[in-house]
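> model this:
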Amino acid sequence: MGGETPNIARLGPAFEDSAARLGATPGQAMVAAALTVLLVGALIAAPAGAVACLVVGVQALFLLAAAWRLLLMGLSARPPRQGADPGTWPRYTVLCALHDEAEVLPQLVERLSQIDYPPERLEGFLVLEADDEATIAAARATPRPQWLRLLLVPEGHPRTKPRALNHALALSTGDLVTIYDAEDDPDPLQLREAARRFADDPGLGAVQAPLRIRRKHKTAEPSPFVDRQFAAEYAALFEVVLPGMAALGLPFPLGGTSNHLRAQALREVGGWDGFNVTEDADLGFRLWRAGWRSGVIARPTYETPPGGVRAWLPQRTRWLKGFMQTWGVHTRRPSELGWRGFASLGVTLGMSLLSALAHAPAIAWLVSALMLAVTAKVSPATPAMAIGVLCTGAVSAWIVTWVGARRANIPYGPFDMLAAPAYWSMLTLAFVHAVWRLATEPHAWDKTPHLPDRPAVIEDTAAPATGRRAA
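Got it, this is the predicted structure:
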């Protein structure tokens with residue numbers, strides 16, 4: 001299939017609804033200017049009152065965020081609804097967009113081969129860049145099930161995962177579509193559960209499977225701090241936040257993998273935005289604007305963590321840059337989201353960006369105030385209300401993460417809780433990087449390196465013993 005060139009001219013949202021359009025619209029610029037004038041005017045006219053209002057507003061926002069987390073924790077306790085088997089299993093398309101993944105590709109194919117779904121109703125594409133010779137060679141050398149084929153994507157701009165997926169979508173024939181990444185290990189029955197949910201609910205455009213982080217085998221460069229915090233963060237998101245939002249019937253940003261889509265809905269919104277580096281987050285809200293709902297399913301996909309900070313930082317930078325792109329796209333015409341959709345955009349992407357910006361400064365301010373107080377042997381001048389708000393936010397985050405970790409069956413104890421603020425502070429570094437990358441290379445894709453999750457092998461390279469001692 002490498003010789004076929006899919007027609008993707010009709011795929012991808014229109015320029016005005018895409019991250020391809022850079023800069024603010026006139027409406028966005030007017031709102032930003034009005035807010036700036038209002039803030040500057042208030043600071044000039046009544047500086048003390050303006051600062052007090054800002055502090056109270058920020059504190060109220062943090063308290064609302066804490067209450068929101070606890071609400072979602074309660075709503076997510078009920079497991080996802082299970083539908084009945086459809087009369088005929090729908091045709092399913094499995095897409096895996098890969099780049100520079102020669103080493104991990106055989107492991108992925110082995111795992112995809114375990115999918116329990118009628119093979120005559122399956123089609124799959126390993127979507128590879130045409131000049132990625134190493135990955136192409138690995139794919140051709142790896143035995144594959146008959147339903148899994150290669151699709152070579154011609155060179156073009158932007159060189160992103162969603163652009164590659166749009167090429168595959170143009171050739172796919174499935175009623176349902178799912179996405180897997182190179183390091184994924186999906187539950188073999190995941191497709192069947194998703195197909196039941198779609199058959200049971202005609203208004204459902206997408207369902208998200210929970211992503212669970214695990215590393216079966218030790219690596220040459222262990223990174224326990226990042227691995228444990230990353231796994232706990234995923235548990236809070238996929239076991240608590242997204243199921244809670246689905247229970248409320250609200251849109252949410254889809255995960256980058258293991259989201260299952262109704263092909264009709266996907267084509268209706270134009271496929272993926274090839275210029276958005278978090279095309280998954282964007283797609284969840286574009287489906288909502290088109291009248292489709294999103295849900296969750298129970299059968300998970302397991303992934304390995306990115307590794308140390310050197311791998312984590314580019315990945316998180318890309319995520320935050322994509323959140324900025326998605327926020328910018330969907331606030332161009334916020335009325336199309338409706339008040340519920342816009343509120344959901346705010347409590348997901350908006351709060352993610354705001355908290356990433358605020359974590360390190362808030363923690364640094366609190367620590368420095370306490371250290372100065374201890375050094376001077378006086379009570380800290382930090383207002384008790386401010387400390388209370390920060391502690392309330394931290395405790396609510398710990399509780400929600402602990403609940404998510406229990407549901408995902410991963411460890412999360414007191415030491416992890418005490419270490420969490422250090423991890424949260426790293427998000428501010430990623431936020432600063434994301435702002436810079438958005439300004440300089442808005443559509444560049446910072447790829448996360450993947451390695452096979454396999455046991456270490458001890459090689460005996462010693463020369464055979466000789467001479468008297470061998471005898």
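
> Tell me, please, where in the protein the pLDDT is lower than the cut-off.
1-10, 217-221, 378-382, 454-471 (pLDDT under 70).

> Helix, strand or coil: sort out the residue nearest to the spatial centre of it for me.
Nearest residue to the geometric centre of the chain (Cα atoms, centre = their mean): residue 255, 4.4 Å. With DSSP: H, G, I helix; E, B strand; the rest coil as the basis, residue 255 sits in coil.

> quick one: the helices in the stretch 101-250 of the chain?
105-112, 133-141, 161-171, 190-200, 224-236, 242-247 (DSSP state H, counting those that start in this stretch).

> Make a markdown table from those helices and add mean neighbour count and distance to residue 213 to it.
Every residue, glycine included, has its C-beta placed from N, CA and C. Below are the helices of the stretch 101-250 of the chain laid out as a markdown table (neighbours: other Cβ atoms under 10 Å; distance: least, Cβ to Cβ, whole Å):
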| stretch | mean neighbour count | distance to residue 213 |
| --- | --- | --- |
| helix 105-112 | 19 | 16 |
| helix 133-141 | 16 | 24 |
| helix 161-171 | 24 | 20 |
| helix 190-200 | 21 | 17 |
| helix 224-236 | 21 | 4 |
| helix 242-247 | 24 | 15 |
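
> before we move on, back to that, does the residue nearest to the centre of the chain touch residue 206 like I think?
No. Counting by Cβ atoms under 8 Å, residue 255 stays clear of residue 206, with 10.4 Å between them.

> related to what we said a few turns ago, for the helices of the stretch 101-250 of the chain, which one sits closest to residue 383?
helix 224-236 (28.6 Å; Cβ to Cβ).

> Let me see the ranges of the strands in the protein.
Listed in chain order, the strands found in the chain under DSSP state E are 92-98, 122-129, 148-153, 176-179, 185-186, 204-208, 211-213, 259-262, 293-296, 301-303.

> still on that earlier bit, JSON lines please, covering the helices of the stretch 101-250 of the chain and showing distance to residue 179.
Shown next, in JSON lines, are these (distance: least, Cβ to Cβ, whole Å):
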{"stretch": "helix 105-112", "distance to residue 179": "12"}
{"stretch": "helix 133-141", "distance to residue 179": "17"}
{"stretch": "helix 161-171", "distance to residue 179": "7"}
{"stretch": "helix 190-200", "distance to residue 179": "12"}
{"stretch": "helix 224-236", "distance to residue 179": "17"}
{"stretch": "helix 242-247", "distance to residue 179": "16"}
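
> For residue 354, find the nearest of the ones you listed.
helix 224-236 (16.5 Å).

> Show me what that closest one is in contact with.
211-215, 305-309, 312, 397, 400-401, 403-405, 407-408, 410-412, 416, 419-420, 422-423 (Cβ atoms under 8 Å, 6 or more residues apart in numbering).

> Just the buried ones out of those, please.
Neighbour counting by 16 or more other Cβ atoms under 10 Å classes 211-215, 305-308, 312, 397, 400-401, 403-405, 407-408, 410, 412, 416, 420, 423 among the contacts of helix 224-236 as buried.

> Let's see which of those residues end up in helices.
The helices, defined by DSSP state H, take in 312, 397, 400, 401, 403, 404, 405, 407, 408, 416, 420, 423 from the buried ones among the contacts of helix 224-236.

> Just give the closest residue to the third one, not the sequence neighbours.
Which is residue 400. In space, and not counting its chain neighbours, residue 400 is closest to residue 69: 4.7 Å by Cβ to Cβ, 6 or more residues apart in numbering.

> That concludes my questions; thank you for your assistance.
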